[in-house]
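>>> for reference, the sequence and a predicted model appear below.
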Amino acid sequence: MRLLVINPVGTEEWNESDKRIYEMFASEGTHIEVVSLERGPRSIENRAAETEVLPLIVRKAVELHEEYDGIIVNCCLDPAVDVIRSLIPTPTVGPCQASLAIASVLGRKTGIVTVSKTAIPLFEELILKYRMEKRVTSIRGIDISVPEISIDENRTIRLLREEIALAISDGVDVIVLGCTGLAGFAEKVQPFFDVPIIDPVASAVKIVEDIVELGGMRGE
């Protein structure tokens, strides 16, 4: 199985590291290729950046999809995923929707912990779009940018622990890490909590692998 991961940013600096992270969660026999956009922001954390990359993501997916069995758009705001699904038959998955699908099996109330707080309104709109507002009852941010995540991992873990604890105090019983830049952090914070912590990259890989193995069923 060949999966294409589209990094919706205008830099190739994370392509190799993202490929290694996706391969960590992929099944044996799944081959991962990561591409980024020819131009665009370094991260998507506000509406202006999201709006800028939407047509570029669609163009990349339409251009390359025939070479792959499945596509993942590597951002938890799931930008352009619905448009791509309407244009091409290749199964296309967004990490947020994949994570929420798994969260709905594991718990009754879901909390999302993302990076910049500027992204929270975008998540609120996405949750309404997915009609998950009754399940997603807490959305929080650790208030750092995507490029800052790996600068000081201990700080990132501390901030995640603080916001996850607050989300649990809000009453949630499952947590989704709401940024693919946080891939790998779920296992680092899981030992501190009794509720499941869901990794968005692992969720996206497993969901798209399952869809492809089931015959690539197409959905809106």
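That came through fine.
>>> just the strands in this protein please.
Here the chain has its strands, by DSSP state E, at 2-7, 31-36, 70-73, 92-93, 110-114, 136-141, 174-177, 197-198.
>>> quick one: which of the ones you listed is nearest residue 23?
Ranking the strands of the chain by proximity to residue 23 (C-beta to C-beta) places strand 31-36 first, at 5.3 Å. (C-beta placed from N, C-alpha, C; glycine too.)
>>> chain center to the closest one, what's the gap?
Remark: strand 31-36 is offset 15 Å from the chain centroid, using C-alpha atoms, centre = their mean, to the nearest Å.
>>> over to stretch 175-192?
Worked out by C-alpha atoms, centre = their mean, stretch 175-192 lies 11 Å from the chain centre.
>>> okay, residue 209: pLDDT?
Residue 209 carries a pLDDT value of 96.
>>> near it, how many other residues are there?
By other C-beta atoms under 10 Å, 21 other residues sit near residue 209.
>>> isn't it right up against residue 28?
No - using C-beta atoms under 8 Å, residue 209 makes no contact with residue 28, being 10.9 Å away.
>>> save the strands of the chain as a markdown table, and put in mean pLDDT, mean neighbour count and distance to residue 204 too.
Converted to a markdown table, the strands of the chain look like this (pLDDT from 0 to 100; neighbours: other C-beta atoms under 10 Å; distance: least, C-beta to C-beta, whole Å):
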| stretch | mean pLDDT | mean neighbour count | distance to residue 204 |
| --- | --- | --- | --- |
| strand 2-7 | 97 | 23 | 9 |
| strand 31-36 | 97 | 18 | 11 |
| strand 70-73 | 97 | 26 | 5 |
| strand 92-93 | 96 | 28 | 5 |
| strand 110-114 | 97 | 28 | 15 |
| strand 136-141 | 96 | 21 | 17 |
| strand 174-177 | 98 | 28 | 12 |
| strand 197-198 | 98 | 24 | 11 |
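>>> of all the ones you listed, which one is nearest residue 128?
Closest to residue 128 of the strands of the chain is strand 136-141 (C-beta to C-beta; 9.6 Å).
>>> what's that closest one packed up against?
The contact analysis (3 or more C-beta pairs under 8 Å, 6 or more residues apart in numbering; DSSP states H and E) places strand 136-141 against strand 110-114, helix 120-129, helix 153-169.
>>> format the ones you listed as a markdown table; extra columns: distance to residue 55.
Output for the helices and strands packed on strand 136-141, formatted as a markdown table (distance: least, C-beta to C-beta, whole Å):
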| stretch | distance to residue 55 |
| --- | --- |
| strand 110-114 | 24 |
| helix 120-129 | 17 |
| helix 153-169 | 32 |
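>>> circling back to that earlier point, and the strands of the chain: which comes nearest residue 60?
Closest to residue 60 of the strands of the chain is strand 2-7 (C-beta to C-beta; 5.4 Å).
>>> what separates residue 152 from residue 144, distance-wise?
With distances taken as C-beta to C-beta, to the nearest Å, residue 152 is found 9 Å from residue 144.
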